[in-house]
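J.: kindly generate the corresponding structure for this input.
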Amino acid sequence: RRLEEAPAEAVTLAELAGLSGVSRFQLLRGFARSVGTTPHAYLIQQRVRLARRLLAAGSGPAAAAAEAGFADQSHMTRAFVRQYGVTPARYRAALA
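T.: Predicted coordinates:
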């Protein structure tokens with residue numbers, strides 16, 4: 001729930017483990033078994049989804065990247081392309 005509610009905020013594995021009441025290693029194994037990916041990969045997916053919503057709402061790519069918690073626009077673009085197969089600029093153009 002923490003990763004979905006605040007994807008733009010930095011989070012550590014220790015924080016997630018503490019919230020879950022398990023060790024970091026138990027968290028990694030259980031999370032991967034339940035969700036099918038690591039907590040970090042899931043966080044990146046949530047950030048890309050947030051960036052997509054921001055782009056659809058009219059934010060520019062740099063602003064969407066910053067608001068979604070990416071270090072910069074290029075990091076968002078790489079993750080966006082991996083997840084959706086198109087750049088954020090093309091996504092915005094398709095919506096227009």
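
J.: quick check: what element follows the strand or helix carrying residue 47 along the chain?
T.: Under the assignment given by DSSP states H and E, the secondary-structure element containing residue 47 is helix 39-56. Of the helices and strands lying after helix 39-56 in sequence (DSSP H and E), the nearest is helix 61-68.

J.: and that following helix, how far out from the chain's middle?
T.: With CA atoms, centre = their mean, to the nearest Å as the basis, the distance from the averaged C-alpha position of helix 61-68 to the chain average is 12 Å.

J.: could you do stretch 58-73 as well?
T.: Here stretch 58-73 is found 12 Å from its chain centre; the criterion is CA atoms, centre = their mean.

J.: which neighbouring elements make contact with the helix holding residue 47?
T.: Identification of packing neighbours for helix 39-56 by 3 or more CB pairs under 8 Å, 6 or more residues apart in numbering; DSSP states H and E yields helix 2-5, helix 24-35, helix 61-68, helix 73-84, helix 88-95. (C-beta placed from N, C-alpha, C; glycine too.)

J.: adding distance to residue 17 and mean neighbour count as columns, could you present those in CSV?
T.: Formatted as CSV, the entries for those read as follows, by distance: least, CB to CB, whole Å; neighbours: other CB atoms under 10 Å:
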stretch, distance to residue 17, mean neighbour count
helix 2-5, 11, 13
helix 24-35, 4, 14
helix 61-68, 24, 20
helix 73-84, 24, 17
helix 88-95, 33, 14
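
J.: so for residue 13, which of these sits nearest?
T.: Put simply, out of the helices and strands packed on helix 39-56 the one that sits nearest residue 13 is helix 24-35, at 4.9 Å, with distance taken as CB to CB.

J.: which positions within the helix holding residue 47 qualify as buried?
T.: 39, 42-52, 54-55 (16 or more other CB atoms under 10 Å).

J.: just want the angle from it to helix 24-35.
T.: For helix 39-56 against helix 24-35, the angle between stretch directions is 60 degrees (axes from the mean of the first three to the mean of the last three CA atoms, to 10 degrees).
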